[in-house]
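Asker: Have a look; sequence and predicted model below, questions after that.
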Amino acid sequence: MKNHSDFFQNLKGDVADLADEAEEVIERDLIYHLSLNEKQELEDINIALKKIEEGEYGTCVSCGSEIPIERLKVKPNARYCTKCQEKHERDKRHAVPSEETEEISNNENEE
């Protein structure tokens, strides 16, 4: 009986350690993605400021049409008109990250 008790006590400790490690990984991943988003937001703001200086502010970088003023009021650093933004987001959701593409390619070559 004592062996079983010791085994389960050790197992509980291992599980708790794994849970702590998983929590740390998730937290680091979240912080990393938040910082990427903030970096992108700052880059978009700088691009918008440059466009203001060049007199090109409010023009969609994809189709060249005017970005509606209502959109610019909500998101002053918008780079796309509403239609192009929707397309950009759809394309982004359906894109396979390059690491996954390489891994898929490598696996196909091995077969």
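Answerer: Cool, the structure landed.
Asker: Let me see the confidence value for P97.
Answerer: pLDDT, the model's per-residue confidence, is 60 for P97.
Asker: And H4, by the same measure?
Answerer: On the pLDDT scale, H4 gets 61.
Asker: same thing with E86?
Answerer: 94.
Asker: cool, L36 as well?
Answerer: L36 carries a pLDDT score of 87 in this model.
Asker: Just give me the residue closest to the centre of the protein.
Answerer: Within the chain, the residue whose C-alpha comes closest to the C-alpha centroid is H33; the distance, by CA atoms, centre = their mean, is 5.6 Å.
Asker: Return the distance of the helix or strand harbouring that one from the chain's centre.
Answerer: When secondary structure is defined using DSSP states H and E, the element that contains H33 is helix 2-54. Mean-position distance between helix 2-54 and its chain equals 12 Å (CA atoms, centre = their mean, to the nearest Å).
Asker: For whichever helix or strand comes after it, give the mean pLDDT please.
Answerer: Scanning forward in sequence from helix 2-54, with DSSP H and E defining helices and strands, the next element found is helix 69-74. In this model, helix 69-74 has a mean pLDDT of 94.
Asker: With stretch 44-52 instead?
Answerer: Averaged across stretch 44-52, pLDDT comes to 91.
Asker: Buried ones in that stretch, by neighbour count?
Answerer: Residues of stretch 44-52 classed as buried under the neighbour-count rule (16 or more other CB atoms under 10 Å) are A48, K51. (Glycine included, C-beta is placed from N, CA and C.)
Asker: so what's G58 up against?
Answerer: Going by CB atoms under 8 Å, 6 or more residues apart in numbering, G58 touches K51, E66, I67, I69, L72.
Asker: try E27
Answerer: No residues are in contact with E27 under the rule CB under 8 Å, 6+ apart.
Asker: what does the domain assignment say about the chain?
Answerer: Structural domains annotated on the chain: 1-54, 58-111, as defined by automatic domain parsing.
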